[in-house]
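Engineer: build me a model:
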Amino acid sequence: MKDLVLRRALVATARMTSHRGLNRGTSGNVSVRCRGGFLVTPSGFPYDAMRPQDVVAMTLDGRATGRLAPSSEWPMHAAVYRARPEAGAVVHVHSEAATALACLRRDLPAFHYMVAAAGSTSVRCTPYATFGTEALAAAAVAALEGRRACLLGNHGQLAFGATLEKALALAVEVEGLCATYLRALSVGEPPLLSDAEMAEVIAKFATYGVARPASSARDRRRASR
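Structural biologist: Next up, the predicted model:
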């Protein structure tokens with residue numbers, strides 16, 4: 001049952017990458033960690049036609065189970081899961097602004113405090129490597145060190161999170177930041193936040209949106225006096 005739930009969530013997330021404008025056609029791929037490995041979208045399959053049974057199950061060493069071939073980028077997904085135990089899901093998209101910046105081989109620097117959403121002071125861009133190769137997988141893992149997102153040189157972007165929802169949300173955030181950065185560059189080089197300023201933001205993000213511990217009945221009575 002849990003496998004079916006994950007498959008349905010994966011299909012919904014893959015469709016969302018197209019509906020949110022992050023992918024066109026069959027570009028990009030999505031995966032989610034599961035017992036024994038991960039589930040990944042099939043190769044070259046239209047997201048709107050995808051069904052849970054079309055999703056491919058894989059082990060971290062590359063053994064696939066399913067009637068369809070896995071995404072050609074499965075080595076990159078597997079490498080992220082091996083290197084980052086906290087990664088529960090991976091989203092790879094060819095979103096327009098992030099891809100434009102990746103084609104310039106430029107990192108996304110600390111021009112805006114929300115860059116810290118990816119975990120550090122920048123979103124790195126990898127050198128170019130052919131899609132679906134171990135070289136690209138290794139480059140992505142290196143660029144992700146200390147971060148949850150990276151740009152893939154002349155290719156697109158990759159983001160991971162604890163859940164499919166969080167991985168997709170980060171990919172959306174990175175795309176928006178890249179669009180804003182490119183717009184700023186049309187006027188000039190924007191000033192960058194310092195490492196100290198970004199460290200303060202990262203520290204604040206650690207507790208952002210975290211619910212406070214429930215107060216005791218005695219504390220509530222005192223607060224109401």
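Engineer: only C-alpha atoms from now on, for both contacts and neighbour counts.
Structural biologist: OK.
Engineer: which residues touch the helix or strand that contains residue 138?
Structural biologist: Assigned by DSSP states H and E, residue 138 belongs to helix 134-143. Contacts of helix 134-143 with the rest of the structure, by C-alpha atoms under 8 Å, 6 or more residues apart in numbering, involve 75-77, 79-80, 83, 124-130, 150, 152.
Engineer: please repeat the previous calculation with a cut-off of 6 Å.
Structural biologist: Helix 134-143 is contacted from outside by 76, 124, 126, 129, using C-alpha atoms under 6 Å, 6 or more residues apart in numbering.
Engineer: centroid residue for this protein?
Structural biologist: residue 159 (1.6 Å; C-alpha atoms, centre = their mean).
Engineer: low-confidence ranges, this structure, go.
Structural biologist: 1, 209-225 (pLDDT under 70).
Engineer: so the residue nearest to the centre of the chain sits against residue 91, correct?
Structural biologist: Yes: the criterion here is C-alpha atoms under 6 Å, and residue 159 meets it with residue 91 at 5.4 Å.
Engineer: just checking, what packs against the helix or strand residue 91 falls within?
Structural biologist: Assigned by DSSP H and E, residue 91 falls within strand 89-93. For strand 89-93, the packing partners by 3 or more C-alpha pairs under 6 Å, 6 or more residues apart in numbering; DSSP states H and E come out as strand 29-34, strand 156-161.
Engineer: circling back to that earlier point, and the helix holding residue 138 with strand 156-161, angle?
Structural biologist: 60 degrees (axes from the mean of the first three to the mean of the last three C-alpha atoms, to 10 degrees).
Engineer: what lies in contact with the helix or strand just after helix 134-143?
Structural biologist: Following helix 134-143 in sequence order, the next helix or strand is strand 149-152 (DSSP H and E). Contact partners of strand 149-152, identified using C-alpha under 6 Å, 6+ apart, comprise 102, 118, 123-126, 144, 157-159.
Engineer: and strand 149-152, how far out from the chain's middle?
Structural biologist: Chain-centre distance of strand 149-152: 8 Å, with C-alpha atoms, centre = their mean, to the nearest Å.
Engineer: likewise for stretch 16-23?
Structural biologist: Using C-alpha atoms, centre = their mean, the offset of stretch 16-23 from its chain centre is 13 Å.
Engineer: cool, and stretch 76-85?
Structural biologist: The answer for stretch 76-85 is 12 Å, by C-alpha atoms, centre = their mean.
Engineer: which parts of it are buried?
Structural biologist: 76-81, 84 (16 or more other C-alpha atoms under 10 Å).
Engineer: helices - which of these land there?
Structural biologist: If you go by DSSP state H, the buried residues of stretch 76-85 have 76-81 in helices.
Engineer: okay, now residue 206: neighbour count?
Structural biologist: 10 (other C-alpha atoms under 10 Å).
Engineer: likewise for residue 3?
Structural biologist: When neighbours are counted by other C-alpha under 10 Å, residue 3 comes out with 13.
Engineer: ranges for the helices of the protein?
Structural biologist: 2-19, 74-83, 96-103, 134-143, 164-185, 195-205, 217-224.
Engineer: with distance to residue 58 as extra columns, can I get the ones you listed in a markdown table?
Structural biologist: Formatted as a markdown table, these follow (distance: least, C-alpha to C-alpha, whole Å):
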| stretch | distance to residue 58 |
| --- | --- |
| helix 2-19 | 13 |
| helix 74-83 | 9 |
| helix 96-103 | 27 |
| helix 134-143 | 16 |
| helix 164-185 | 17 |
| helix 195-205 | 33 |
| helix 217-224 | 49 |
